[in-house]
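Visitor: Let's see this in three dimensions:
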Amino acid sequence: MDNFDDIATNNNGTSQEKLETAGIGMRIGAFLIDHFIIIAVLVCPSILFTFSHIQSDPAKAWTMFPVLMLMAFLVYFLKDIINGASLGKRALGLTVRSNLDTSEVPSVPKLFLRNILTFVWPIEFLVLICGAKKTKLGDQIAGTNVYRVSKKPKLVIIVVSAILAIAIFTASLFFGISSIFKNDDSYKMAVSYINASPEISSIVGNIEGFGYMPAGSLNYSGGHGQAVYSIKVIGSKNTVYVHIKMEKKLNKDWEIVYFDYSE
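Guide: Below is the predicted model of the structure:
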C-alpha cells in the first residue's frame, strides 16, 4: 500500500487501516533527510545573506536574519502538514497519523506541536530511544505516531530530494559568496579603480562588465582588513583579469597596495 491519499481518506466509519508503527531507524533516517534539505534550502542561504550584507548594510543584515531564520523554523515545524508526511517521511514510506485512528491525518496544530519540541532534540532523542513507548515526546503530547504505509522506500524520491537539496545548496553557496564579495566596500573600491584606470581602458576598450564570480579572499580582524581579488574585466576590444591587493587599517578607508593584470 503506497498511496498516502487513499490511507488518509479510507475511514468509512466501520473500520480503520491497521498500520505498522515505524521503526526507530526509519524515523531517524526521515529526520536526517528533512534536516539536510531544510538546512541546504533555507538555513544556509539565510546565513549567506546575512554575511553578504553585514559590511555594506549591517542594519538590514541583522534585521533580516531573525526573519529568515524564523521562516526556516516555521517550515521545519510545519514540514508534515501535507497529508502528514514530510519529504523525508515520503521517501521512506512513512506518515504521521492519530493514535486513535490511523486513517486520520492529525490537525495542523497537532502536527505543529509534535515538531516544535525538536528545540529540545536531545530529550526527544532519549525519550524515543529509551522510553517504554518508543515514541518521541512530541508525539506523546500530540497524540500522534509515525507509521509505515509502504514497505519499500521510494528511492526515486530520496535521490531527487538529495539532488535538489545539493543543487540548491551549491547555487546558494556560489551566489552567496559572490554577493559577500560584491557587497563589500573593498570590492566596490576595486571596481571603481578599474573603471577609472586609463591603462585598463586602453587594453580592453569600453568596459562592458565584470565577471560574475571574483576569485580571491577577504578578511577582517579587529577593524583591519585585507582583500585580494582577481576580477575579470570584459571590454569592447578585449578581456583581461585584473589582480588587486588591498589593505584597510583601523578607522581608515581601503587602500590599493598592488595592481596588475593579465590576459
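Visitor: Contacts only, for V75.
Guide: Contact analysis of V75 by C-beta atoms under 8 Å, 6 or more residues apart in numbering lists 38, 42. Any C-beta I mention is one placed from the backbone N, CA and C, and that applies to glycine too.
Visitor: now I203
Guide: With C-beta under 8 Å, 6+ apart, I203 has these contacts: 235, 237-238, 240, 261.
Visitor: Make a markdown table from the residues you listed and add distance to K252, neighbour count and secondary structure to it.
Guide: Output for the contacts of I203, formatted as a markdown table (distance: C-beta to C-beta, whole Å; neighbours: other C-beta atoms under 10 Å; DSSP: H, G, I helix; E, B strand; the rest coil):
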| residue | distance to K252 | neighbour count | secondary structure |
| --- | --- | --- | --- |
| G235 | 32 | 17 | strand |
| K237 | 36 | 10 | coil |
| N238 | 34 | 13 | coil |
| V240 | 29 | 17 | strand |
| Y261 | 26 | 18 | strand |
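Visitor: Can you pick out the most distant pair from those?
Guide: For these, the farthest-apart pair by C-beta to C-beta is K237 and Y261; their separation is 14.0 Å.
Visitor: mind listing the strands for the stretch 51-200 of the chain?
Guide: 94-98, 144-148 (DSSP state E, counting those that start in this stretch).
Visitor: out of those, which comes closest to F181?
Guide: Of all the strands of the stretch 51-200 of the chain, strand 94-98 comes closest under C-beta to C-beta, at 42.4 Å.
Visitor: Tell me the helices and strands packed up against the closest one.
Guide: helix 4-8, helix 24-38, helix 87-91, helix 108-116, strand 144-148 (3 or more C-beta pairs under 8 Å, 6 or more residues apart in numbering; DSSP states H and E).
Visitor: So, low pLDDT: which residues of the stretch 151-263 of the chain?
Guide: For the stretch 151-263 of the chain, the stretches with pLDDT under 70 are 151-158, 160-161, 165, 172.
Visitor: Please identify the helix or strand for S217.
Guide: strand 215-221 (DSSP states H and E).
Visitor: Pairing partners for that strand, with directions?
Guide: Partners of strand 215-221 in the sheet, by DSSP bridges, are strand 224-235 (antiparallel).
Visitor: Quick one: distance of the strand it pairs with to the chain centre.
Guide: Put simply, strand 224-235 sits 28 Å off its chain's centre (C-alpha atoms, centre = their mean, to the nearest Å).
Visitor: Neighbouring strands - and their directions - for the strand or helix carrying Y241?
Guide: Secondary structure from DSSP H and E places Y241 in strand 239-248. Based on DSSP bridges, the pairing partners of strand 239-248 within the sheet are strand 224-235 (antiparallel), strand 254-262 (antiparallel).
Visitor: And these: which comes nearest T118?
Guide: Once these are compared by C-beta to C-beta, strand 224-235 is nearest, at 38.7 Å.
Visitor: Tabulate the CA atom coordinates of that closest one in CSV.
Guide: Output in CSV follows, covering the C-alpha atoms of strand 224-235 (Å, rounded to 0.1, in the frame of the first residue of the first chain):
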residue,chain,number,x,y,z
HIS,A,224,41.7,45.8,10.0
GLY,A,225,41.1,44.2,6.6
GLN,A,226,42.9,42.5,3.7
ALA,A,227,41.4,41.7,0.3
VAL,A,228,42.9,40.0,-2.7
TYR,A,229,40.9,39.9,-5.9
SER,A,230,41.3,38.6,-9.4
ILE,A,231,38.5,40.3,-11.4
LYS,A,232,37.5,39.5,-14.9
VAL,A,233,37.1,42.8,-16.9
ILE,A,234,35.1,42.5,-20.1
GLY,A,235,35.7,45.2,-22.7
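Visitor: what comes up buried for that strand?
Guide: Residues of strand 224-235 classed as buried: 225-229, 231, 233, 235 (neighbour count, 16 or more other C-beta atoms under 10 Å).
Visitor: isn't K248 right up against S221?
Guide: No: if you go by C-beta atoms under 8 Å, K248 and S221 don't touch, sitting 10.2 Å apart.
Visitor: who has more neighbours, these two?
Guide: K248 (19 against 7; other C-beta atoms under 10 Å).
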